[in-house]
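> no sequence on this one, just coordinates:
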């Protein structure tokens with residue numbers, strides 16, 4: 001009987017230890033705020049004509065931005081990351097410190113208009129740069145060096161899918177961000193990366209277009225996700241990621257399935273900002 005009791009006791013202890021080991025660690029919360037690029041660099045596939053570009057430094061856009069800042073601050077982020085390459089970290093650090101000491105007039109870009117303002121108000125030490133341009137296969141890099149092959153690939157269109165390469169004029173920043181961060185819009189956006197150039201073949205049944213998009217988009221966003229993982233953080237942190245909305249079609253999915261992070265939608269906060277502006 002004594003041996004039986006000892007065996008049962010050991011099993012209970014072992015089960016308790018195993019249960020503790022198997023228990024998932026606390027997840028850091030991550031809010032992804034997808035935006036259009038406020039300064040209109042027009043580096044993306046979708047371009048905005050000059051006549052359709054707005055100045056976010058003017059009204060009513062400044063009031064909207066301030067409402068967004070106030071609303072997002074309620075998420076209480078402890079870490080803010082933006083779409084800038086880590087090679088720019090020193091410059092971003094310098095500009096952010098100037099802004100924190102009231103020595104910088106904010107430029108148009110969303111990193112300064114949103115991230116700097118939120119970071120300063122919450123007294124965060126820095127804004128993290130986590131962008132990456134991805135890595136292409138050698139076969140695709142060779143195409144980039146050949147003007148004729150490059151032109152053929154980029155001029156390819158899928159007759160069953162012609163994507164609009166222009167962008168409409170933004171009448172309300174908040175309404176635009178509500179649309180860009182809508183799950184249906186995000187899902188539809190990803191479909192575009194599986195058509196068009198994705199289907200381009202230099203030779204029948206090769207994977208030229210697939211390999212191009214692998215580096216251009218899928219590898220790029222996986223590297224961005226890895227850069228976010230590299231930021232020192234714990235389960236108590238609340239990370240705000242401010243990025244071009246196109247990236248959400250992969251990044252949001254990564255956060256949703258990750259055991260390290262808990263995805264938080266910005267939509268309720270944007271709705272609150274919209275109500276504040278209407279008052």
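Nice, thanks for sending it over. Note that the coordinates shown come from a computational prediction; the quantities given were computed from them, not determined experimentally.

> partners of the residue nearest the centre of the chain in the sheet?
Centrality entry for the chain: nearest residue to the mean C-alpha point is residue 243, 4.0 Å, by CA atoms, centre = their mean. Residue 243 forms beta bridges with residue 34, as assigned by DSSP bridges.

> what separates it from residue 272, distance-wise?
Shown here: residue 243 relative to residue 272, a distance of 21 Å by CB to CB, to the nearest Å. To be clear about C-beta, it is placed using only N, CA and C from the backbone, and glycine gets the same treatment.

> any low-confidence regions in the stretch 151-279 of the chain?
159-166 (pLDDT under 70).

> So which residues of it form helices?
Here the stretch 151-279 of the chain has its helices, by DSSP state H, counting those that start in this stretch, at 173-180, 183-191, 208-213, 220-230, 248-257, 267-278.

> Can you say which of the ones you listed is nearest to residue 87?
Minimum separation from residue 87 across those (CB to CB) falls at helix 220-230, 11.7 Å.

> ok, residue 237 - how many residues close by?
Neighbour count of residue 237, defined by other CB atoms under 10 Å: 17.

> ok now do it, which residues does it touch?
28, 29, 78, 79 (CB atoms under 8 Å, 6 or more residues apart in numbering).

> Nearest to residue 141, out of the helices of the stretch 151-279 of the chain?
Between residue 141 and those, the tightest spacing by CB to CB is seen for helix 208-213, at 10.3 Å.

> For residue 92, find the nearest of the helices of the stretch 151-279 of the chain.
helix 220-230 (13.7 Å).

> Quick one: list the elements packing against that closest one.
On a contact count with 3 or more CB pairs under 8 Å, 6 or more residues apart in numbering; DSSP states H and E, helix 220-230 meets strand 238-244, helix 248-257.

> mind running it again at 7 Å?
Using 3 or more CB pairs under 7 Å, 6 or more residues apart in numbering; DSSP states H and E, the elements in contact with helix 220-230 are helix 248-257.

> Could you check the angle the helix it packs on makes with helix 183-191?
Taking axes from the mean of the first three to the mean of the last three CA atoms, to 10 degrees, one finds that helix 248-257 is oriented at 120 degrees with respect to helix 183-191.

> Give the buried residues for helix 248-257.
248, 249, 250, 251, 252, 253, 254, 255 (16 or more other CB atoms under 10 Å).

> contacts for it?
Identification of contacts with helix 248-257 by CB atoms under 7 Å, 6 or more residues apart in numbering yields 30, 32, 34, 186, 189-190, 218, 221, 224-225, 243, 261, 263.

> what about the residue lying closest to residue 113 once chain neighbours are set aside, distance to residue 59?
Take residue 113 and drop its neighbours on the chain: the residue closest to it by CB to CB, 6 or more residues apart in numbering is residue 65, 5.4 Å away. Look at residue 65 and residue 59: by CB to CB, they are 10 Å apart.

> Likewise for residue 111?
Counting by CB to CB - residue 111 and residue 59 are separated by 21 Å.

> ditto for residue 109
19 Å.

> Those two: which has the busier surroundings?
More crowded of residue 109 and residue 59, by other CB under 10 Å: residue 109, with 20 against 8.

> which stretches of the stretch 51-200 of the chain form strands?
Counting by DSSP state E, counting those that start in this stretch, the stretch 51-200 of the chain has strands at residues 79-82, 128-129.

> which one of those is the most hemmed in?
Greatest average neighbour count among the strands of the stretch 51-200 of the chain goes to strand 79-82 (a mean of 24), per mean count of other CB atoms under 10 Å.

> partners of that one, with directions?
According to DSSP bridges, strand 79-82 forms sheet pairs with strand 128-129 (parallel), strand 238-244 (parallel).
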